[in-house]
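K.L.:
task: produce atomic coordinates for the following.
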Amino acid sequence: MINYTAIRQGLRTVLLNIVDPAMPSAANIAWENREYDPQKGVPWIRETLIPGIERKVAYDELQTVGIVQYDLNWPLGDGTEEIEALVDTIKDAFAPNTTIANHALVYRTERLAGRADDKWYTIPIRLTYRAFAFSVVGTCGLP
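P.N.:
I've put the predicted structure just below:
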């Protein structure tokens, strides 16, 4: 069974250990399914974990490829320099082969196009992870 709790915790640990003056504090991160009320003018991040399809691969191993997306939200009209620099810092922290949990690692990071709404300029960062788990019943099809 894939341990999504461990994956999410591992991702959060990496994110919260990023040292950058522009990095929003933990209080300004909208963790998935937690209440958060963005304050005008205060940068914040939204977390979304998108599990992938689980499938059996070699040696009775269960594998999934999933995504976590961090939407960096900056006050509209504050330019792009600071948010783009933070995007690069976050991408560096989640470089390919970054271990995020036991049997789980990031293998791709992408910056998506920025977009503006009436209050925020948002740049999404998409991290693709691969996770594995081994079946407890049988090995290689043997009893």
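K.L.:
tell me how many other residues surround the closest residue to residue 75 other than its chain neighbours.
P.N.:
Spatially, and ignoring its direct neighbours in sequence, residue 75 is nearest to residue 41 (4.9 Å; Cβ to Cβ, 6 or more residues apart in numbering). For every residue, glycine as well, the C-beta is placed using N, CA and C. For residue 41, the neighbour count with other Cβ atoms under 10 Å is 11.
K.L.:
report pLDDT for residue 41.
P.N.:
On pLDDT, residue 41 comes in at 94.
K.L.:
list phi and psi for it.
P.N.:
Note on residue 41: its backbone torsions stand at phi 80, psi 0 [degrees, to the nearest 10].
K.L.:
quick check: it vs residue 15, distance?
P.N.:
Residue 41 is 22 Å from residue 15, where distance means Cβ to Cβ, to the nearest Å.
K.L.:
where in this protein is pLDDT low?
P.N.:
Along the chain, segments meeting pLDDT under 70 span 135-143.
K.L.:
correct me if wrong: residue 95 contacts residue 109.
P.N.:
Yes. At 7.1 Å, residue 95 and residue 109 qualify as touching, with contact defined as Cβ atoms under 8 Å.
K.L.:
list the contacts for residue 51?
P.N.:
The contact partners of residue 51, by Cβ atoms under 8 Å, 6 or more residues apart in numbering, come to 2, 4, 64, 66.
K.L.:
go again using 6 Å as the cut-off
P.N.:
residue 66 (Cβ atoms under 6 Å, 6 or more residues apart in numbering).
K.L.:
separation between it and residue 62?
P.N.:
Applying Cβ to Cβ, the value for residue 51 to residue 62 is 12 Å.
K.L.:
could you verify my assumption that residue 74 touches residue 83?
P.N.:
Yes. Shown here, residue 74 and residue 83 form a contact pair, counting by Cβ atoms under 6 Å, at 4.4 Å.
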